[in-house]
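Participant: what follows is a predicted structure for the sequence shown.
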Amino acid sequence: MPTEILMPALSPTMEEGTLAKWLVKEGDTVSSGDLIAEIETDKATMEFEAVDEGVVGKILIAEGSEGVKVNTPIAVLLEDGESADDIDTSAAKPEAAPAADAAQEAASEGGSDAAAAPAAASATPAPAAPAAADGSRIFASPLARRIAADKGLDLASIKGSGPRGRIIKVDVENATAAPKAEATTTAPAAAPAAAAPAGPSADAVAKMYEGREFEEVKLDGMRKTIAARLTEAKQTIPHFYLRRDIQLDALLKFRSQLNKQLEPRGVKLSVNDFIIKAVALALQSVPDANAVWAGDRVLKMKASDVAVAVAIEGGLFTPVLQDSDMKSLSALSAEMKDLASRARDRKLAPHEYQGGAFAISNLGMFGIDNFDAIVNPPHAGILAVGSGVKKPVVGADGELTVATVMSVTMSVDHRVIDGALGADLLKAIVDNLENPMVMLA
């Protein structure tokens, strides 16, 4: 029986994606493990491997198609001895097909009268795939399911004549009109919670600027995901903010010395490398803050997995440096450069940007003095880092002097970290950065 190749879920949160490119064409022979397509998720473009072997009998979704739902059939694979004639086109078509495709599906099952039906009727979506009394799935074409629903037939009582017992149009048309099994009466579902107030519609906004010149930019998958996740974060996470100034002169001097010694190895440490290390060690010093929110519980993490925001064209990634507390500064520097480079090329695998308990967002290189970042769930906090600037400060001896000062703001999820605990964590980060040699001990 022809095998449907379904749109894969390439990450736990993926609901839809773009079929960016086919790497095979109809008639090609593929084996398990062969690359057959490139799928663009909200975060990355990933290669998709074949699970089964066979011949590509039909490509159902054209390359470049956006918004393809997970588990939608995208192609059909034929086994030995099968041909394109064996493909049940009505089953292979995605159920969200347009009217023209639905009419073609009806004709493929041999009903000229169905093909002549109005397009609006043909485009009616098929009912959900039914199940037998024992819970097993009943295999029926979308057109057969629609006809059965219209005639009030129970598909569980119909014997299919299609490939491997699949119920097709002719089976339903020839079936006696036995009444459909009564569904068990259930209590009405509770009314959904009131939705958060929505802003004005796109049309309403566009109308405000009628007569003004503008360019409409379509949202891609990444932009939609960023909008949804950060809106959710601001609406559901009880943020609070802690701010500190950090004197960087000792760190800058220490960094300069290390870079001279590491120059023969081609290693150049950045201030951000020290910040990653400082956060990782602080999470070990204040272990109760090394945690994530998990709905009805808190998960305390053992290792320090630190996420770092990386700006890319059209959005951002937060690749995760696992076990950052155990790695040397040079190792963290090399790993961060590699992750940032592949993030900009959208070549990160999901496991490289998912997870972590705490994040860093550094806009200091853009001249930003300070800002407040949004906690990225399920993280418990994020450190927003500003630029280091020369400022007058009062020294330990009471004398006025000039120092390089960097302002940081830690945004915290109050469900996981209370004020005093957050203050302890931020103090540990500051101590590490103002006494950088301690991080090598």
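Facilitator: Sure thing, it's come through. Numbering: from 1, shown residues only.
Participant: now do the buried residues in stretch 414-434.
Facilitator: 416-417, 421-423, 425-426, 428-433 (16 or more other CB atoms under 10 Å). The C-beta positions use only the backbone N, C-alpha and C, and glycine is treated the same way.
Participant: run a quick neighbour tally on the closest residue in space to residue 414 that isn't next to it in sequence.
Facilitator: Using CB to CB, 6 or more residues apart in numbering and skipping residues adjacent in sequence, the residue nearest residue 414 is residue 238, 4.2 Å away. As a burial measure, residue 238 scores 10 neighbours (other CB atoms under 10 Å).
Participant: surely residue 238 and residue 413 touch.
Facilitator: Yes - Residue 238 lies in contact with residue 413 (CB atoms under 8 Å); the separation is 6.9 Å.
Participant: for residue 18, list the residues it contacts.
Facilitator: For residue 18, the contacting residues are 39, 40, 64, 65, 66, 67, 68, 221, by CB atoms under 8 Å, 6 or more residues apart in numbering.
Participant: of those, which is the nearest to residue 402?
Facilitator: residue 221 (47.8 Å; CB to CB).
Participant: relative to residue 416, how far out is the closest residue to that closest one other than its chain neighbours?
Facilitator: Spatial nearest neighbour of residue 221, chain neighbours left out: residue 42 (4.0 Å); criterion: CB to CB, 6+ apart. Per CB to CB, to the nearest Å, residue 42 is found 25 Å from residue 416.
Participant: now do residue 209
Facilitator: 42 Å.
Participant: swap in residue 256?
Facilitator: 37 Å.
Participant: cool, and residue 223?
Facilitator: 28 Å.
Participant: what's the pLDDT at residue 199?
Facilitator: pLDDT for residue 199: 74.
Participant: same thing with residue 146?
Facilitator: Residue 146 is given a pLDDT of 69.
Participant: then the one 5 residues further on?
Facilitator: We have a pLDDT of 77 for residue 151.
Participant: ranges for the helices of the stretch 1-150 of the chain?
Facilitator: Applying DSSP state H, counting those that start in this stretch to the stretch 1-150 of the chain gives helices spanning 89-92, 99-108, 112-115, 119-122, 142-151.
Participant: nearest residue to residue 28 in space, please, no chain neighbours.
Facilitator: Nearest non-adjacent residue to residue 28 (CB to CB, 6+ apart): residue 56, at 4.9 Å.
Participant: can you check residue 303 too?
Facilitator: Using CB to CB, 6+ apart, the closest residue to residue 303 is residue 323 (4.8 Å).
Participant: mean pLDDT for the helices of the stretch 1-150 of the chain: which is lowest?
Facilitator: Among those, helix 119-122 scores lowest, at a mean of 36.
Participant: just to revisit the earlier point, what count of nearby residues applies to the residue nearest to residue 221?
Facilitator: Using other CB under 10 Å, residue 42 has 21 other residues around it.
Participant: you'd agree it is up against residue 14?
Facilitator: Yes - using CB under 8 Å, residue 42 makes contact with residue 14 at a distance of 7.2 Å.
Participant: residue 285 reaches residue 428, doesn't it?
Facilitator: Yes - when contacts are counted by CB under 8 Å, residue 285 is listed as touching residue 428 (4.6 Å).
Participant: listing partners with orientation, what would you give for the helix or strand hosting residue 311?
Facilitator: Taking DSSP states H and E as the criterion, residue 311 maps to strand 310-312. If you go by DSSP bridges, strand 310-312 pairs up with strand 315-317 (antiparallel).
Participant: any chance you could list what contacts the partner strand?
Facilitator: Contact with strand 315-317 is made by 43, 222, 223, 226, 309, 310, 343, 348, 353, as judged by CB under 8 Å, 6+ apart.
Participant: next one: stretch 395-403
Facilitator: For stretch 395-403, with CB under 8 Å, 6+ apart as the criterion, the contacting residues are 247, 248, 249, 390, 391, 392, 393, 394.
Participant: what is the mean pLDDT for it?
Facilitator: On average, stretch 395-403 scores 89.
Participant: same question for stretch 354-364.
Facilitator: 95.
Participant: residue ranges for the strands of the stretch 1-150 of the chain, please.
Facilitator: Secondary structure of the stretch 1-150 of the chain (DSSP state E, counting those that start in this stretch): strands at 3-6, 16-22, 29-30, 35-40, 45-49, 54-59, 65-69, 73-78.
Participant: tell me which of these sits most buried.
Facilitator: strand 73-78 (a mean of 22; mean count of other CB atoms under 10 Å).
Participant: report the angle between it and strand 35-40.
Facilitator: Relative orientation of strand 73-78 versus strand 35-40 (axes from the mean of the first three to the mean of the last three CA atoms, to 10 degrees): 180 degrees.
Participant: what angle separates strand 73-78 from strand 54-59?
Facilitator: 140 degrees.
Participant: now strand 73-78: how far from the chain's centre is it?
Facilitator: 25 Å (CA atoms, centre = their mean, to the nearest Å).
Participant: for that strand, packing partners?
Facilitator: strand 3-6, strand 54-59, helix 89-92 (3 or more CB pairs under 8 Å, 6 or more residues apart in numbering; DSSP states H and E).
Participant: change it to 6 Å
Facilitator: For strand 73-78, the packing partners by 3 or more CB pairs under 6 Å, 6 or more residues apart in numbering; DSSP states H and E come out as strand 3-6, strand 54-59.
Participant: of all those strands, which one is nearest residue 72?
Facilitator: Closest among the helices and strands packed on strand 73-78, using CB to CB: strand 3-6, at 6.6 Å.
Participant: who touches the closest one?
Facilitator: 52, 71, 73, 74, 75, 76, 77 (CB atoms under 6 Å, 6 or more residues apart in numbering).
Participant: do stretch 355-366 as well
Facilitator: Here stretch 355-366 makes contact (CB under 6 Å, 6+ apart) with 272, 290, 292, 301, 305-309, 318, 320, 373, 376, 379, 381-387.
Participant: which among the residues you listed end up buried?
Facilitator: 272, 290, 292, 301, 305-309, 318, 320, 373, 376, 379, 381-387.
Participant: circling back to that earlier point, just the ones of the contacts of stretch 355-366 in strands?
Facilitator: Among these, the ones falling in strands (DSSP state E) are 292, 306, 307, 308, 320, 381, 382, 383, 384, 385, 386, 387.
Participant: need the pLDDT of the fourth one.
Facilitator: At residue 308 the predicted local distance difference test score is 97.
Participant: what of residue 183?
Facilitator: 44.
Participant: quick one on the thing from earlier: CSV please, covering the contacts of residue 18 and showing distance to residue 205 and pLDDT.
Facilitator: Listed next are the contacts of residue 18 as CSV, based on distance: CB to CB, whole Å; pLDDT from 0 to 100:
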residue, distance to residue 205, pLDDT
39, 32, 90
40, 27, 83
64, 28, 87
65, 28, 88
66, 22, 85
67, 22, 86
68, 28, 90
221, 22, 78
